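Visitor: dropping the sequence and predicted coords here.
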Amino acid sequence: MKKWLKRYAFLLLLAAVLIGGESWLNVTDPVSKMTCIWRNDYELIRLQHPDMTFEKAIFGSSAVTASYIEGREGSVGYANIGMDYGTVKDITEMLEKGQLTVTEDLVLGLNNLSFLDTLPTNATYPWHRKWYEPYLYFQRDRLWQLITDGTTNLLNGEPFTKVDSSRQQRAVYRGALSDEDLMKSWESLVERFGETTPEVDCAENFAALDRLAAWCEDHGVRLRAIWMPWNGKLEIYPAAQNVMDYANEQLERLGIETLDMTRVVEDQYFFDTGHLDYDNGAPWFTDYIDPWLAEEG
Amino acid sequence: MWYLQADTLVWILGSTLLYGLAAAILHRVSPQRRLTPFLLLFDLGLLFFVSWQLALFYVGYTLVTYAMLRILKAAKGQGLRRILFVLFCALCAAPFFYARFALMLPFLPAIFTLVGFAYNMLKAIDGVFYVYYADKDIPLIAYANFLLFFPVLTSGPILRYRDFERDYLSPKPVTAQVTTDAVKRLIRGMFKKMVLVALLGLVLDRLLAARLCLPVSLALIVVSYFTLYFDLSGYSDIAIAVASFTGFSVAENFKNPLTAASFTQFWRKWHVTLSDWIREHIFVVVNGKRLGRPASAAIGMCTMLVMSMWHGFSVKNLVCGAFMGGLLALENLLNLTTADRRRMPEGIFRLRCLAVNFAFGINALSFSMDLGQMADVVKGLFRL
């Protein structure tokens, strides 16, 4: 036995270090606690709501983050759990994996991109982690960013780590783009997503919508949806409209109540194509949808 | 780079572990039996896991090139054999040339998925050489295992059939010591690829943004050299480690090139399996083994040109090949190919090592910048 242990000492020690280190990292999750690192929106929400359990919540992409003011005086108390690049598949996976829980009401803030399977996402969201990815591998991009930023700071005579307050809150938008920049932003959307079709490019998200509806039914959660505002100065390009039409059929099939806000908000409240100006548009939007949110099921 | 993708790496290491355990058990139960033919299942499994199109291509390529070997073996008459030999070598390389030309000529459709093909093509040609020169048969399963051997499927070191056959017929037992050494080497290779290369990349970017002058140009050359060295040798370390888990010894690809005091020695220490392959399969065969200085110089020049163009058909590679080939040719003409450390002052030996590796460092710039930037870096050497 002693001889065997000696022969395999290195391998056993390595296995112990790897398993022990991985377990410790997973339990403590140091990266999400570092103030000098970019936190993703999921982690920022968790800072505000450590147990990630919500009675009532509105989920969506950055369009939701920027448009609904959580805790606004007199509002019905929905939590804004909008996340950058948030899709229907994302909320479904979070709920299925227990990374977030809703107990009473869940509202989806939708636009055509909420259903796009190929939408770029934030790779550091925990539900993207595969079972075989070690902690440090999964966090490699942010750790690498920390190293490169830190090295640059040192070379500039600054401390290795700096706390950047802009990294500690979800992005909102203030003011409005000029008409020229607005048009560029719209053209960029058309160029990137103008050829998408619901059947091919959104299949996974529509499948996730079915799973989400089933999850909500199983857990006694009321599921509703809002089509988020679209800037009136801009056309809803045909591919986006197709996805929205197809989505409406699916929402109707699943019996999900829907509020259409696409053409309700005035142009003055927009920052760009779909993000509202947080100082003026978001309060207006929050007040407008509040009675609908407050309706009893 | 499959070894750097988590899912593929898990597949490779999982397969290797499974195979290693099975081989170890079999070795205890029945030492005269071997599991090596079954490695093909892992090879094919990995290919299908990565891409079914790639798997189909390699299955087809293996069968077609194997048919060539059978035809060559069955051919009667030296003249016919010679014609078939040349034809089959060319056919083995045909997809490679097509893919390279398709990059330059957009009207050619991209019909092949060719991960690692630049290496596997060389192995297929080696099979043709083996059958032609040794006049021996290669069994289909052994050939498929040779061509698709997964530890070196996407990159070097380049296997030769006669070396592969040795371990295929008599694999080394995977003992605790072999496993320990392999794990250490795997960690070393990963560290080179994932940490050192990435860190040097940062330094390279910063240097490229600076004004080019003597110290900056020197630093760029040194950093480019080591980036390439850690990249290629790191990959070789990983491939050699994974292969040794399966009882195979894969040839070393890097043998401390910093101690090369001539270009001839350098190419016996840097990416050894590629330069050996080219020397053995093209020029030594064509010209015989006893060569005069001018012939050696010409062969050196041609070897460098072929090797450089193998990396890609471009003006940059042509220029780099001519640069390295020119130095090798000059060295042959001046009879400076050998440098015995014991018979020369240590200072001179070190100076020669420095000069050789510095010249290669200039060539290494081509892996991180275009020809214009390379010229600027060289000009920077003459600016304080």
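Guide: Good, I have the coordinates. Numbering: from 1, shown residues only, chains lettered A, B, ... in the order given.
Visitor: tell me who's in contact with A:Pro126.
Guide: A:Pro126 makes contact with A:Tyr42, A:Gln99, according to C-beta atoms under 8 Å, 6 or more residues apart in numbering or on different chains. In short, each C-beta sits where N, CA and C put it, glycine included.
Visitor: distance between stretch B:25-38 and the chain's centre?
Guide: Chain-centre distance of stretch B:25-38: 30 Å, with C-alpha atoms, centre = their mean, to the nearest Å.
Visitor: so is that stretch next to chain A?
Guide: No - contact of stretch B:25-38 with chain A is not found when judged by C-beta under 8 Å from any C-beta of the partner chain; the minimum separation is 14.3 Å.
Visitor: got the contact list for that stretch?
Guide: Contacts for stretch B:25-38 (C-beta under 8 Å, 6+ apart): B:19, B:22-23, B:141-142, B:145, B:167-171, B:173-174, B:246-247.
Visitor: repeat that for stretch B:364-382.
Guide: By C-beta under 8 Å, 6+ apart, the surrounding residues in contact with stretch B:364-382 are B:204, B:208, B:212-214, B:216-218, B:220-221, B:224-225, B:227-228, B:315-317, B:319-320, B:362.
Visitor: enumerate the residues of the stretch 51-200 of chain A near chain B.
Guide: Proximity of the stretch 51-200 of chain A to chain B is confined to A:Lys130, A:Tyr132, A:Glu133, A:Tyr137, A:Trp144, A:Thr148, A:Thr151 under the rule C-beta under 8 Å from any C-beta.
Visitor: closest one to B:Ala75 out of these, please.
Guide: Of all those, A:Tyr132 has the smallest distance to B:Ala75: 49.4 Å, by C-beta to C-beta.
Visitor: just give the nearest non-adjacent residue to the closest one, would you?
Guide: For A:Tyr132, ignoring the flanking residues on the chain, the nearest one in space by C-beta to C-beta, 6 or more residues apart in numbering or on different chains is B:Val10 at 4.5 Å.
Visitor: surely that neighbour is in a strand?
Guide: No - note on B:Val10: no strand contains this position according to DSSP: H, G, I helix; E, B strand; the rest coil, which reports helix.
Visitor: residues contacting B:Phe313?
Guide: B:Arg100, B:Phe101, B:Leu103, B:Met104.
Visitor: how many other residues sit next to the nearest residue to A:Asn26 once chain neighbours are set aside?
Guide: Taking C-beta to C-beta, 6+ apart as the measure, A:Asn26 lies nearest to A:Tyr135, with 5.6 Å between them; neighbours along the chain are not counted. Around A:Tyr135 sit 19 other residues, with neighbours defined as other C-beta atoms under 10 Å in any protein chain shown.
Visitor: hang on, isn't A:Tyr135 packed against A:Glu22?
Guide: Yes - when contacts are counted by C-beta atoms under 8 Å, A:Tyr135 is listed as touching A:Glu22 (5.9 Å).
Visitor: got phi/psi on A:Leu110?
Guide: The phi and psi values for A:Leu110, taken as degrees, to the nearest 10, are phi -110, psi 150.
Visitor: quick one: contacts for it?
Guide: When contacts are counted by C-beta under 8 Å, 6+ apart, A:Leu110 is found next to A:Gly60, A:Val88, A:Ala225, A:Ile226, A:Trp227, A:Met228, A:Ala247.
Visitor: and the first one, what does it touch?
Guide: Spelled out, that is A:Gly60. Taking C-beta under 8 Å, 6+ apart as the definition, contacts of A:Gly60 comprise A:Gly82, A:Gly86, A:Leu108, A:Gly109, A:Leu110, A:Asn111, A:Ser114, A:Met228.
Visitor: contacts only, for the second one.
Guide: Yep, that's A:Gly86 we're talking about. When contacts are counted by C-beta under 8 Å, 6+ apart, A:Gly86 touches A:Asp41, A:Phe59, A:Gly60, A:Ser61, A:Ser62, A:Val64, A:Ser114.
Visitor: in JSON lines: the contacts of A:Gly60, plus pLDDT.
Guide: Rendered in JSON lines, the data for the contacts of A:Gly60 read as follows (pLDDT from 0 to 100):
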{"residue": "A:Gly82", "pLDDT": "94"}
{"residue": "A:Gly86", "pLDDT": "92"}
{"residue": "A:Leu108", "pLDDT": "96"}
{"residue": "A:Gly109", "pLDDT": "95"}
{"residue": "A:Leu110", "pLDDT": "95"}
{"residue": "A:Asn111", "pLDDT": "92"}
{"residue": "A:Ser114", "pLDDT": "93"}
{"residue": "A:Met228", "pLDDT": "95"}
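Visitor: that older thread, put the buried members of the contacts of B:Phe313 into a PyMOL selection.
Guide: With 16 or more other C-beta atoms under 10 Å in any protein chain shown as the criterion, this PyMOL line picks the buried residues out of these:
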select buried, chain B and resi 100
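Visitor: out of the contacts of B:Phe313, who's nearest B:Glu280?
Guide: Minimum distance to B:Glu280 across the contacts of B:Phe313 is 22.7 Å, recorded for B:Arg100 (C-beta to C-beta).
Visitor: can you give me the helices in the stretch 1-150 of chain A?
Guide: Counting by DSSP state H, counting those that start in this stretch, the segments of the stretch 1-150 of chain A that form helices are A:2-7, A:9-28, A:30-33, A:41-48, A:62-65, A:88-96, A:135-138, A:140-155.
Visitor: chain center to the first one, what's the gap?
Guide: The offset between the C-alpha centroid of helix A:2-7 and the centroid of the whole chain comes to 51 Å, using C-alpha atoms, centre = their mean.
Visitor: got the CA coordinates for it in PDB?
Guide: Output in PDB follows, covering the C-alpha atoms of helix A:2-7 (Å, rounded to 0.1, in the frame of the first residue of the first chain):
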ATOM      1  CA  LYS A   2       2.800   2.400   1.000                       C
ATOM      2  CA  LYS A   3       4.600   1.600  -2.200                       C
ATOM      3  CA  TRP A   4       1.500   2.100  -4.300                       C
ATOM      4  CA  LEU A   5       0.900   5.500  -2.600                       C
ATOM      5  CA  LYS A   6       4.400   6.600  -3.300                       C
ATOM      6  CA  ARG A   7       4.100   5.600  -6.900                       C
END
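Visitor: what is the strand or helix carrying B:Ser233 packed up against?
Guide: Secondary structure assigned from DSSP states H and E places B:Ser233 in helix B:214-245. Under the contact definition 3 or more C-beta pairs under 8 Å, 6 or more residues apart in numbering or on different chains; DSSP states H and E, helix B:214-245 sits against helix B:6-29, helix B:176-191, helix B:197-208, helix B:346-364, helix B:371-380.
Visitor: returning to that earlier point: of all the contacts of A:Leu110, which comes closest to chain B?
Guide: Proximity of these to chain B was ranked by C-beta to the nearest C-beta; the top entry is A:Val88 with 24.6 Å.
Visitor: list the residues that contact that closest one.
Guide: Counting by C-beta under 8 Å, 6+ apart, A:Val88 has contacts A:Leu108, A:Leu110, A:Ser114, A:Phe115, A:Asn205, A:Phe206, A:Ala208, A:Leu209, A:Leu212.
Visitor: for those residues, which one is nearest chain B?
Guide: Closest to chain B out of those is A:Ala208 (21.5 Å), distances taken as C-beta to the nearest C-beta.
Visitor: surely that closest one meets A:Met94?
Guide: No - with contacts counted by C-beta under 8 Å, A:Ala208 stays clear of A:Met94, the gap being 10.9 Å.
Visitor: around chain A, pick out the residues from the stretch 151-300 of chain B.
Guide: Among all residues of the stretch 151-300 of chain B, those adjacent to chain A (criterion: C-beta under 8 Å from any C-beta) are B:Ala176, B:Gln177, B:Thr179, B:Thr180, B:Val183, B:Lys184, B:Ala198, B:Leu202.
Visitor: which pair in these spans the largest distance?
Guide: Across these, the longest distance by C-beta to C-beta is 38.5 Å; it joins B:Ala176 and B:Leu202.
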